[in-house]
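**Q** Turn this into a structure:
(chains A, B, C, D and E)
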Amino acid sequence: MRKLPWIIKYRPKKLDDVVNQEKAKEKLTKWVELWLKGIPEEKAVLLYGPPGCGKTSLTEALANEYRLEFIEMNASDYRRKVDLDRIVRTAALQRSFTGKVKLILLDEVDGISGTADIGALEAILDIINVAKNPIVMTANDPWDPKLRPLRDVVVMVEFRRLTKTDVRKVLNRICGDEKLVCEEDAVDLIAERCEGDLRSAINDLEAVSEGYGKVTLELVKNMLRQRDRDYPPFDVVRKIFISKYAWQAKQAVQQTDLTPDELIQWINENLPRQISDPEDLWRAYDYLSKADLYMGRIVKTGNWDLLPYAIELMSAGVSLSVINDVKGKYRWVKYNFPQKVLIAAKTKESRQLRDSLAEVLAKHLNISKAVSKSDVIPFIKVIFDSNPEIAAKLALGLNISESMVRYLSPQNSSKIIELVNKFKVEAGKKAERLKREKISERKLGVKSRSGTLDNYFTGNP
Amino acid sequence: MSSQTLTELLWVEKYRPRTLPEIVNQEDVIKRLQQFIKEKNIPHLLFAGPPGTGKTTAAHALAHDLYGSDYRMYMLELNASDERGIDVIRGKVKEFSRSRLPVNIPFKIILLDESDNMTADAQQALRRLMEMYVDVTRFILIANYPSKIIEPIQSRCAVFRFIPLRKDDVIRRLRWICMNEGIRCDEEALELIYEISEGDMRKSINVLQASASLGDVNVSNVFKVVGLAHPKEVREMIRLALEGKFMEARDRLRELMITYGLSGTDIIKQVHKEIFGTELTIPEPLRVEIADYLGEIQFRLVEGADEEIQLSALISKLALLGRAAKTVKTTK
Amino acid sequence: MSSQTLTELLWVEKYRPRTLPEIVNQEDVIKRLQQFIKEKNIPHLLFAGPPGTGKTTAAHALAHDLYGSDYRMYMLELNASDERGIDVIRGKVKEFSRSRLPVNIPFKIILLDESDNMTADAQQALRRLMEMYVDVTRFILIANYPSKIIEPIQSRCAVFRFIPLRKDDVIRRLRWICMNEGIRCDEEALELIYEISEGDMRKSINVLQASASLGDVNVSNVFKVVGLAHPKEVREMIRLALEGKFMEARDRLRELMITYGLSGTDIIKQVHKEIFGTELTIPEPLRVEIADYLGEIQFRLVEGADEEIQLSALISKLALLGRAAKTVKTTK
Amino acid sequence: MSSQTLTELLWVEKYRPRTLPEIVNQEDVIKRLQQFIKEKNIPHLLFAGPPGTGKTTAAHALAHDLYGSDYRMYMLELNASDERGIDVIRGKVKEFSRSRLPVNIPFKIILLDESDNMTADAQQALRRLMEMYVDVTRFILIANYPSKIIEPIQSRCAVFRFIPLRKDDVIRRLRWICMNEGIRCDEEALELIYEISEGDMRKSINVLQASASLGDVNVSNVFKVVGLAHPKEVREMIRLALEGKFMEARDRLRELMITYGLSGTDIIKQVHKEIFGTELTIPEPLRVEIADYLGEIQFRLVEGADEEIQLSALISKLALLGRAAKTVKTTK
Amino acid sequence: MSSQTLTELLWVEKYRPRTLPEIVNQEDVIKRLQQFIKEKNIPHLLFAGPPGTGKTTAAHALAHDLYGSDYRMYMLELNASDERGIDVIRGKVKEFSRSRLPVNIPFKIILLDESDNMTADAQQALRRLMEMYVDVTRFILIANYPSKIIEPIQSRCAVFRFIPLRKDDVIRRLRWICMNEGIRCDEEALELIYEISEGDMRKSINVLQASASLGDVNVSNVFKVVGLAHPKEVREMIRLALEGKFMEARDRLRELMITYGLSGTDIIKQVHKEIFGTELTIPEPLRVEIADYLGEIQFRLVEGADEEIQLSALISKLALLGRAAKTVKTTK
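**A** So this is what the prediction gives:
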């Protein structure tokens, strides 16, 4: 009897099996039901969220439940324009013989290769435009710049990272089905460590039970240590700071799985928390700055032989910089997760918006993106913050998206968008009137843009 | 007019000269360029001069006057600071040169903005392209610093030097825009705008438009715009750092980098400005020392990997200097 | 075949463990893997750990123990020297994972060596394959740096960490090979080999064989083979430099380069090692300062600077730093 | 042909010596070369010396004197702007060597300009070509720095060293050209041209022609043409900085960059020149320190640092140094 | 053939040892190689050692002694100037292996010069070739730095280390060649040649021949040939700088650059040499500081900084250091 790995065996078959993506489920079922009645305006959805939270499974379950024909194309398939046209386009344009709706899954669109899958995105956009069947796409990172055109034409559906409770629920169910002896604490620990990735949790559960026939806390601890870091970053940073000798600091570094990039961020974050004497702090920062210099040189030259120097300067260099206030080194202070990483993740979208905006402006003004950012955007921000009416007109004139408006002036955005829509209606009326008067529309200078404008201002944020 | 229309453009775009005769203040250049148009032929061109003096505009106007209003079909625009890598350029140039030419047009134009940002290697490759495709294309190179263009390219180009705009010209232009837009403006405010933007026409018009969006163009509004456009956080960061409040200063730094999206070099430039500005009362010797150190840190920014770390080092230096200065003061 | 016998000439091949129980020093891993064999079932596996800790060997032994000695028929092996771009994954790998199963075999194995070197594109293409054909194939991925494997793949695998081999285990193995081959070996030389190869068994055996090809396995031959100077001599040079005996240190440096055929980078690496070693008593802050300068010099060499001048600069820096440190000492 | 007439428009071409006896200031070299012509045979030649000392001219003149005015038929000229990957050279050389030789001509000539810019690898391959085709071709290599030519090539060539032209010779030549072209010229301007071009005749003539195109050849036109600031203004900036008037100095600096379109390196070079000129009375020790710092700043610019920030750092350093010097003075 | 005769013109060729016993100064190596010849069999070989110690010569001599004077038919030589992409090598190796062999010799030889310049990837592929074709071919790899050869290759080769030639051996050889060629030579000049070429016999002979082509082999001709300034002049410049006569030192520097056509790096190398020579009496600590700074400047030049500015910086540093040293002296 052939055994299936549990991640396959316990894959959701019905929508109900999918844990905790209620919002997404609701959105998707509504959308699929629209398709059963006709061809809705929103032809494609993009499901996004971290790995292992059920994007693909939910799609499969959806097809199962509604008995849709299911066609999948993923990163293991060639996805050049020709392939997409051959397989997906045909599927997208025809219903099956029985008139069944076909559900088309383009999995992992963020994995579309720039080189090997040349022309893929254009082809997909094209297919969506003419599709007569629903298209579902998935991605871990929907903010990948290359997906921008796609984002503008699809409904974005977010999948949440699963909570510990969600994961625990599923694991307990499996334990029951497999008739396994599972300690509560053990399941807890697995659920804790998987960080919302259900698939890896199931894998871990299976690995422990296959190996030992039961799941106890001790076994789990033992095995999870294999995957996890030997020491949490906090301890490593502390060890580095309190080192008396260079070798101690170096040894501390070896006890972590943090990459050098991560490590330097951890040190940067917590260095000023630990060291307060200005002279010590400056010495330490000078070393940290030098360490960063080496990191930069590694990137530029591709020469990894320089890495040890970077690491020594960021560890031993920093800890040995404390001369004036040696006691301060041993003081207990609370460390932080590197804020830079957190903030950067939080503001990723706004930075991307800024880039896109700079690109739009660069085209209009015949300047580089860098100049747009430094010499133009700040002033546009002033206008958007202080004068919604002019802002709305500029938004139309520059043909920028709703999210860009929101970026330019968070506090005025709703007002500006309202005005934009009002102006658009007026412009539409005007156009109608002019059309009726058989006057060329081109003179108004609006129509040629309104096509894309509709794209920008419809669809989900 | 403008109040009735439903769309609006940035004034820099709206009032950009479309044809050569509209360009102000570069009479010599324009006269020579018009000669080319008469002959329906141009050599490779190199437009050199400070920012905001109309180089890019002149290139577009030239193309416009050569090909008519659809000129963009015959012109490929590349910005060297955005499209680095000579391979990208080569690819695009090749492709562009292949496309068909309309009758009567003996060549297309490739416009390379900020070409002094290209490495010497890339310039060497560019020079080859200029030779290879000379029968079907002409290059217009735009540069702030002509001396950064390698000689073999310079000697293949007719060089045009754009001179900085005179105060009078800038202010006259600003006044004219205001009139056109039906905006009231103080003479004093216009002078202030000119000064703030250091003779850069583009920047001047941006400041003007932003000021106008606050109502009239008067001195107070101009100051407001400048204040709003340049985050106060820079000054605040310096002050906190000099007072030894490292963590708070770093929070400001992060805001600048992440929320405002300023690059490390941008921040250093602003720090520089503030150090020598009137708002912060820093003893002269300290100013000079900081400026010296800013040079060092900016160099490390270029070589390093993470801007935040380098700027944090700057803050720690400021904190140290700040304390030293205080110590000196008190001892005296 | 003669090429077969040749690989037999390579000791790493000749003495490679064929079955799981023969693998030393990874008891935990082996125990769990044997469990899989008992159940005739494995999940996808990710073997992670430093080079030479038996990852590839374990994968082969696992397959051997599952399928018997003809195991290669049921296993597709792709290693770093094979093409492993996205095309191969979509072509060869996909085809193999789809193909029918022979009777009695519950699944096939695809072994991807050095999978952390695969491009992100290729990894993306791999990820869904691992699910789609899991009923007929299992993947074993081998990686030095598991963090370079994309998260979605990691979450599909059971991860096994291989730890560096213990000194005793390595040396015992080397001694046993020498005995088997009838080679004389110094205990000291074996320890040196272990140290040089940092727990990497494959490297240890290769060095052993190369040393043996020069005659006996003794310390001097080992150093010759790995292209290292004797640490004692390197330390002597450092000591002389730090004591300010610049000219003498420089003579030593030259000797090292010539006698051992060392490049500038070789020397820097060795100096680097010694600086942080316990044999030299250097004040701690000085160690870091020296490391900083070593990095600088190495970077210059990478950029193409002249070896002789740069190494002279290194020694003189050592002398300067040594002098400064001493001054401090004496004054305090 | 139009390209012919084009080159005629360039004075460097128009006044280029056509035969060996016309070349000035290289008596030794010319004498030895004429010997070859008498014998109708030459070895491979290597012409070394600073730019603009007549190396390429001499090569052409030699060919002219050997083959008559159609000499270009028997000479293949490859310069740095051509593709010079060794494959290209091999291809072209092969092809060229194959073509028929006229009676009486025992070999053809391949002229390789800027051969010191070839990589060591390419030179190795070149050396092989020099051997393979020696029975039908001779190479003339031209180089600024003979030390960059690999030895095996040097030892295959007769080496000729060209020396920089004397001031008198250059100025006499320039004056003669002006007379010929009917251009008015200041003596002072000619001296300035000589100084700027440092004995490089080609550069001198180019500057002369460019200046003439602005009208007369006078000092102000020369400065304009070469893109240099007027030394007086540079000196003023330095003086202000040294007197501690940082802000004023900085304004001057900006003016220089904007008005003259000078890059950072341009300015550093001019500062460098002035520091060591006689016009500024700077105490010797101060000069030395400034020169040291100029080196540092120029290096940073080469590495891509921001021009404005770095030059500000330079000025602040000048201010610091100026203050220190004064302090010293007053205390003594 | 004429090309044959040409190589005869090169002394390195003319006086190259043809058989193993003729090779000087590598007794150990030769003895072991002759053993192979007796057995008519060789393993893969790796010849390591500094340039000009006879590695390539030994490889040819070995082949000569194995196959007789037609040995080139059975040996494929690939050197750095040939295309050595691994595909090319694979193709050539395949083709070459096919051709017929003389009786008694079961394999052909592939000679890979400068194999340490191959990338690690190419070496990996090479290692596979070495396995695949081991039954019909043997590889001889030649490398300056064996540490750049990957381990798996090293462990497949018998390693031979070539040591630098002794002064006596080199000079005796040079003297013998001069005698043979009927050239007059100074003993002092021969010593200089040895010193310049640092035990590299090939370089020594090349310099000898080039010097001889200028007439006698004397010190002045040797300097001319190698493109070095006369040490006396370099020392004079250093002395002036150290004495604080900055301006005079700078004039000397310019002279050196122009008269001898020296590049910045040339000059730095010569300064470096003199600093550590016995002719200049420089206090030890000063030497050290100069060496440190030389490293810095040389690196800047490598990165493309301006030669004049950087060398000025060097001289000013010398002046600064010289002054500091004097101050110390006088105060003590």
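**Q** in the helix or strand hosting residue A:424, what's buried?
**A** If you go by DSSP states H and E, residue A:424 is part of helix A:413-436. Buried residues in helix A:413-436, defined by neighbour count with 16 or more other C-beta atoms under 10 Å in any protein chain shown: A:413, A:416, A:417, A:419, A:420, A:423, A:424, A:427, A:430, A:431, A:434. For every residue, glycine as well, the C-beta is placed using N, CA and C.
**Q** ditto for stretch B:151-166
**A** Across stretch B:151-166, burial judged by 16+ other C-beta under 10 Å covers B:152, B:153, B:154, B:156, B:157, B:159, B:160, B:161, B:162, B:163, B:164, B:165.
**Q** does stretch B:58-77 come close to chain A?
**A** Yes. Stretch B:58-77 reaches chain A (C-beta under 8 Å from any C-beta of the partner chain) through B:60, B:77.
**Q** quick one: average pLDDT of the helix or strand harbouring residue B:65?
**A** Assessed by DSSP H and E, residue B:65 sits inside helix B:55-67. In this model, helix B:55-67 carries a mean pLDDT of 90.
**Q** Report how many residues lie close to residue A:195.
**A** Residue A:195: 16 surrounding residues under other C-beta atoms under 10 Å in any protein chain shown.
**Q** That one contacts residue A:163, doesn't it?
**A** No. Assessed by C-beta atoms under 8 Å, residue A:195 is found out of contact with residue A:163, at 10.6 Å.
**Q** and the nearest residue to residue A:238 once chain neighbours are set aside, helix, strand or coil?
**A** Nearest residue to residue A:238, sequence neighbours excluded (C-beta to C-beta, 6 or more residues apart in numbering or on different chains): residue A:335, at 7.2 Å. Assigned by DSSP: H, G, I helix; E, B strand; the rest coil, the conformation of residue A:335 is coil.
**Q** Tell me how many other residues crowd residue A:335.
**A** 18.
**Q** show me what contacts it?
**A** Taking C-beta atoms under 8 Å, 6 or more residues apart in numbering or on different chains, we find residue A:335 in contact with A:234, A:237, A:238, A:269, A:270, A:273.
**Q** If we use 10 Å, what do you get?
**A** A:232, A:233, A:234, A:235, A:237, A:238, A:241, A:266, A:269, A:270, A:273, A:274 (C-beta atoms under 10 Å, 6 or more residues apart in numbering or on different chains).
**Q** try residue B:65
**A** B:18, B:19, B:20, B:21, B:33, B:34, B:36, B:37, B:38, B:71.
**Q** mind checking how far residue A:8 is from chain D?
**A** Distance, residue A:8 to chain D, using C-beta to the nearest C-beta, to the nearest Å: 53 Å.
**Q** so how far is residue A:280 from that residue?
**A** 56 Å (C-beta to C-beta, to the nearest Å).
**Q** Can you spell out the domain ranges of chain A, please?
**A** A:6-158, A:164-223, A:233-331, A:347-461 (automatic domain parsing).
**Q** how about the longest one, does it reach chain C?
**A** It stands for domain A:6-158. Yes. Using C-beta under 10 Å from any C-beta of the partner chain, domain A:6-158 reaches chain C at A:6-9, A:11, A:50-52, A:56-57, A:72-79, A:83, A:107-108, A:110-117, A:140.
**Q** now the end-to-end length of that domain.
**A** Start to finish, the residues bounding domain A:6-158 are 26 Å apart (C-alpha to C-alpha, to the nearest Å).
**Q** quick one: the strands in the stretch 151-300 of chain B?
**A** Under the criterion DSSP state E, counting those that start in this stretch, the stretch 151-300 of chain B contains strands at B:157-161.
**Q** For chain E, give me its nearest residue in it.
**A** residue B:299 (12.3 Å; C-beta to the nearest C-beta).
**Q** Correct me if wrong: that residue contacts residue B:314.
**A** No. Assessed by C-beta atoms under 10 Å, residue B:299 is found out of contact with residue B:314, at 11.9 Å.
**Q** element containing the residue nearest the centre of chain A?
**A** Note on chain A: the residue nearest the mean C-alpha position is residue A:141, at 3.4 Å, using C-alpha atoms, centre = their mean. Using DSSP H and E, residue A:141 is not contained in any helix or strand.
**Q** Equivalent analysis for residue B:76, please.
**A** According to DSSP H and E, residue B:76 maps onto strand B:75-79.
**Q** Residue A:125 and residue A:141: what is the separation?
**A** Distance of residue A:125 to residue A:141, given as C-beta to C-beta: 19 Å.
**Q** same thing with residue A:241?
**A** For residue A:241, the distance to residue A:141 equals 34 Å [C-beta to C-beta].
**Q** Okay, and residue B:141 sits in which element?
**A** Secondary structure (DSSP H and E) places residue B:141 in strand B:137-143.
**Q** nope, residue A:173 is what I meant
**A** Using DSSP H and E, the element containing residue A:173 is helix A:164-177.
**Q** what sits against residue B:285?
**A** With C-beta under 10 Å, 6+ apart, residue B:285 has these contacts: B:321, B:325, B:328, D:244, D:319, D:320, D:323.
**Q** roughly how far is stretch A:347-355 from the heart of the chain?
**A** Taking C-alpha atoms, centre = their mean, to the nearest Å, the mean C-alpha location of stretch A:347-355 is offset from the chain mean by 13 Å.
**Q** Could I get the buried residue list for that stretch?
**A** Buried positions in stretch A:347-355, judged by neighbour count with 16+ other C-beta under 10 Å: A:347, A:350, A:352, A:353, A:354, A:355.
**Q** Isn't residue A:17 up against residue A:10?
**A** Yes. If you go by C-beta under 10 Å, residue A:17 and residue A:10 touch, sitting 8.4 Å apart.
**Q** Overlap of the contact sets of the two?
**A** A:57, A:170, A:173.
**Q** are any of these buried, and which?
**A** Buried by 16+ other C-beta under 10 Å: A:57, A:170, out of the shared contacts of residue A:17 and residue A:10.
**Q** Could you check stretch A:300-318 against chain C for contacts?
**A** Yes. With C-beta under 10 Å from any C-beta as the criterion, chain C is reached by stretch A:300-318 at A:300-303, A:305-313, A:315-318.
**Q** how about the residues of the stretch 101-250 of chain A that lie near chain E?
**A** Not one residue of the stretch 101-250 of chain A sits near chain E, judged by C-beta under 10 Å from any C-beta.
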